[in-house]
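Participant: Have a look at this prediction, sequence included:
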Amino acid sequence: MRERYPGWQPSTCGDCYRAQRGSSGSRSPRNRGTHPRGARAGTREEGLTLAEVLERYDGGPDTGVFTDGAANPNPGPGGWGAVYVVDGEVIAQAYGHEPHTTNNRMELTALLEGIELVPEGTAAVLYSDSNLAVRTVTEWAAGWEQRGWRRKRGPVENLDLVRPLYERLRERPELTVVWIKAHAGHRWNEYADSLATAYARDEL
């Protein structure tokens with residue numbers, strides 16, 4: 001992939017990534033069925049490591065930036081994760097956590113951090129399974145900005161994240177934010193979920 005993006009260095013080396021996927025080194029086909037191997041689609045699988053996610057799931061889109069956020073309880077300790085994938089290969093990934101936060105804040109943070117994984121000028125789709133986060137930046141933020149960053153019925157929640165996210169996306173018109181269904185067997189959405197919950201595990 002580095003030939004396609006001169007000077008770009010992935011945060012996960014190829015050998016490390018292939019080791020996570022197992023010795024077979026097989027790549028996932030584009031847009032295969034959405035049912036996870038050995039699990040019923042739509043069930044929430046928690047606590048899976050990245051390697052377990054890659055072994056269990058093979059559905060969904062295989063190119064884009066996949067983001068997720070979590071807090072357990074909500075509010076409570078939480079984390080966020082983002083992974084940039086091209087043709088089923090991890091180009092870059094990032095994750096982090098906060099000792100006290102909310103699910104919505106982590107979803108917004110994941111999108112904000114996910115933007116920075118994509119080289120400037122490179123078109124990409126950012127996937128989030130938070131309908132609230134997606135609608136915030138694609139539908140509502142423009143009106144809030146016109147009203148001085150206020151809603152009709154009061155202040156904008158999480159404005160410290162919403163405003164910079166909206167402004168950053170406006171600076172990056174080559175990026176598109178799209179909703180993706182959560183826990184439906186989409187490999188890279190599950191991978192982002194695993195990154196977001198890594199703070200609660202001993203193994204990434």
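Facilitator: Arrived safely.
Participant: tell me the contacts of the residue nearest in space to the middle of the chain?
Facilitator: In the chain, the centroid-proximal residue (Cα atoms, centre = their mean) is residue 67; its distance is 0.9 Å. Residues near residue 67 by Cβ atoms under 8 Å, 6 or more residues apart in numbering: 80-82, 107, 110-111, 113-114, 126-128, 192. Every C-beta, even on glycine, is put in place using the N, C-alpha and C of the backbone.
Participant: what about the longest strand in the chain?
Facilitator: strand 89-101 (DSSP state E).
Participant: just checking, what packs against whichever helix or strand comes after that one?
Facilitator: Following strand 89-101 in sequence order, the next helix or strand is helix 103-115 (DSSP states H and E). Secondary-structure packing of helix 103-115 (3 or more Cβ pairs under 8 Å, 6 or more residues apart in numbering; DSSP states H and E): strand 64-71, strand 76-86, strand 89-101, strand 124-128, helix 131-135, helix 159-171, helix 187-196.
Participant: Grab the nearest non-local neighbour of the residue nearest to the centre of the chain.
Facilitator: Spatially, and ignoring its direct neighbours in sequence, residue 67 is nearest to residue 110 (3.7 Å; Cβ to Cβ, 6 or more residues apart in numbering).
Participant: what about the one you found, distance to residue 83?
Facilitator: For residue 110, the distance to residue 83 (Cβ to Cβ, to the nearest Å) stands at 10 Å.
Participant: Who has more neighbours out of the two?
Facilitator: Neighbours were counted for residue 110 and for residue 83 using other Cβ atoms under 10 Å; residue 110 has more, 31 against 28.
Participant: I'd like to know the beta-bridge partner residues of residue 59.
Facilitator: The partner list for residue 59 in beta bridges (DSSP bridges) reads residue 32, residue 186.
Participant: Residue 188 versus that one, what's the distance?
Facilitator: Distance, residue 59 to residue 188, using Cβ to Cβ: 10 Å.
Participant: what about those two, which has more around it?
Facilitator: Each of residue 59 and residue 188 has its neighbours counted (other Cβ under 10 Å); residue 188 has more, 28 against 22.
Participant: Now do the residue lying closest to the more buried one once chain neighbours are set aside, the pLDDT please.
Facilitator: Distances taken as Cβ to Cβ, 6+ apart put residue 66 closest to residue 188, at 4.1 Å, once the chain neighbours are dropped. The model reports residue 66 with a pLDDT of 98.
Participant: Could you do residue 47 as well?
Facilitator: Note on residue 47: pLDDT of 85.
Participant: Export the helices and strands packed on helix 103-115 to TSV and append columns for distance to residue 204.
Facilitator: As requested, those are exported to TSV (distance: least, Cβ to Cβ, whole Å):
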stretch	distance to residue 204
strand 64-71	15
strand 76-86	10
strand 89-101	8
strand 124-128	21
helix 131-135	24
helix 159-171	25
helix 187-196	8
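Participant: before we move on, the earlier item: quickly list what's touching both of residue 110 and residue 83.
Facilitator: Shared contacts of residue 110 and residue 83, counting by Cβ under 8 Å, 6+ apart, come down to residue 192.
Participant: gap between the host helix or strand of residue 55 and the chain center?
Facilitator: Per DSSP H and E: residue 55 is located in helix 50-56. On the basis of Cα atoms, centre = their mean, to the nearest Å, helix 50-56 sits 16 Å off its chain's mean C-alpha point.
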